[in-house]
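1. attaching a predicted model along with its sequence, questions to come.
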Amino acid sequence: MVANSMQVSRAYMNALNSVGNGDSKPMGMVETGSDQGGFGAMVSDTVNQIVTAGQNADDKMIQQAVGKVDVVDVVTAVAETEVAVQTLVSVRDRVISAYQDILRMPI
């Protein structure tokens, strides 16, 4: 069975949403008694950081519109957000690639 990229993307988003909502644990996650959340927690934290960076960029744009900050600050905030999003997309692409490699393995 070979999954297309839409199925893989949908599965990834469902897993990410379930981790973000706290509904269930990803497959393979084991309670360790510590605050280690594994890959799912790392992705969730990264998404939260990207959202915060985006909100920061929005705030800088609003402040620039009323003359409180320079354009350089706005450009810097937007660039930081763009780099964070590109990093997350790169990780997502690697996860999808690994998942597809697993699906191609003979049983």
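-> That came in fine, so what should we check first? Being a predicted model, the structure only gives us computed values, none of them experimental.

2. the closest residue in space to residue 37 that isn't next to it in sequence: which element?
-> Sequence neighbours aside, residue 44 is the residue nearest to residue 37 in space, at 7.5 Å (criterion: CB to CB, 6 or more residues apart in numbering). C-betas here are computed from N, CA, C, even on glycine. Assigned by DSSP states H and E, residue 44 belongs to helix 38-65.

3. avg pLDDT for that helix?
-> For helix 38-65, mean pLDDT is 90.

4. for it, packing partners?
-> Applying 3 or more CB pairs under 8 Å, 6 or more residues apart in numbering; DSSP states H and E, one finds that helix 38-65 contacts helix 5-21, helix 71-104.

5. where does residue 106 land in three-state SS?
-> coil (DSSP: H, G, I helix; E, B strand; the rest coil).

6. now do it against residue 98, distance only.
-> 17 Å (CB to CB, to the nearest Å).

7. ok, these two, which is more surrounded?
-> Set residue 106 next to residue 98 and count neighbours by other CB atoms under 10 Å: residue 98 wins out with 10 against 3.

8. re the thing from before, comparing the helices and strands packed on helix 38-65 by mean pLDDT, which bottoms out?
-> helix 5-21 (a mean of 60).

9. residue 57 - how many residues pack around it?
-> Per other CB under 10 Å, the neighbour tally for residue 57 reads 20.

10. could you measure from it over to residue 81?
-> Separation of residue 57 from residue 81 (CB to CB): 5 Å.
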